[in-house]
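> coords please:
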Amino acid sequence: RVTAAYAQAGIAAQVQPFFDDVPQRLEACQLVVSRAGASSIADITVIGRPAILIPYAAATGDHQAANARALAESGGAVVLPESVLDAESLRRDMRDILSDGDRAFGMAAAALTLGRPDAAQRLADLVTEPTR
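Modelled structure (predicted):
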């Protein structure tokens, strides 16, 4: 049903509940449309892609909206709250970003400024650091 709705709106999309090849998909894409969980934000900022974020409205403490806001404030994302999301608004935002190469490039560059590709190593160092 969702795939059909995208097709009707003129958007070619692969819709699945889970992708096991996210790094390859992010590397190959021109625009990410995603929820705004911490892992999603980390992936988007490390690979550097423009994004349209749709925070999960029922997330505890509205933390996805806070995650999305940080990336949007950097210029790396557009946020579409569930309360205003419809096919036309998503199509409009996708078209606006994808039809403006300078904007898409700028959003990707802004996303990269928030990325922490060494986060796993930094966490490991923090956990294994001897206490004084």
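> elements contacting the longest helix along the chain?
As assigned by DSSP state H, the longest helix anywhere in the chain is helix 101-114. Under the contact definition 3 or more CB pairs under 8 Å, 6 or more residues apart in numbering; DSSP states H and E, helix 101-114 sits against helix 38-47, helix 63-74, helix 87-98. Every residue, glycine included, has its C-beta placed from N, CA and C.
> what does it rub up against?
30-31, 41, 44-46, 48-51, 70-71, 74-77, 96-98 (CB atoms under 8 Å, 6 or more residues apart in numbering).
> from those, which would you call buried?
Using 16 or more other CB atoms under 10 Å as the burial test, the contacts of helix 101-114 include 31, 41, 44-46, 48-51, 71, 74-77, 97 as buried.
> what's around the closest residue to residue 19 other than its chain neighbours, how many residues?
Among residues not flanking residue 19 along the chain, residue 25 sits closest, at 5.8 Å (CB to CB, 6 or more residues apart in numbering). Residue 25: 14 surrounding residues under other CB atoms under 10 Å.
> what mean pLDDT does the longest helix of the chain have?
The pLDDT scores in helix 101-114 average 97.
> Renumber starting at 2 from here on
Noted, 2 is the first residue going forward, which turns the last one into helix 102-115.
> and the helix or strand just after that helix, what's its mean pLDDT?
For helix 102-115, the succeeding helix or strand toward the C-terminus, using DSSP states H and E, is helix 120-129. Averaged over helix 120-129, pLDDT sits at 88.
> Other residues contacting helix 120-129?
Residues contacting helix 120-129 (CB under 8 Å, 6+ apart): 43, 117.
> just how off-centre is that helix within its chain?
24 Å (CA atoms, centre = their mean, to the nearest Å).
> tell me the angle of it relative to helix 39-48?
120 degrees (axes from the mean of the first three to the mean of the last three CA atoms, to 10 degrees).
> CA-only coordinates of helix 120-129 in CSV, if you can.
Taking Å, rounded to 0.1, in the frame of the first residue of the first chain, the C-alpha atoms of helix 120-129 are listed here in CSV:
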residue,chain,number,x,y,z
ALA,A,120,32.4,7.5,17.9
ALA,A,121,32.8,3.8,18.5
GLN,A,122,36.5,4.2,19.2
ARG,A,123,35.9,7.2,21.4
LEU,A,124,33.4,5.2,23.4
ALA,A,125,35.7,2.2,23.7
ASP,A,126,38.5,4.5,24.9
LEU,A,127,36.2,6.1,27.5
VAL,A,128,35.1,2.7,28.8
THR,A,129,38.6,1.2,29.0
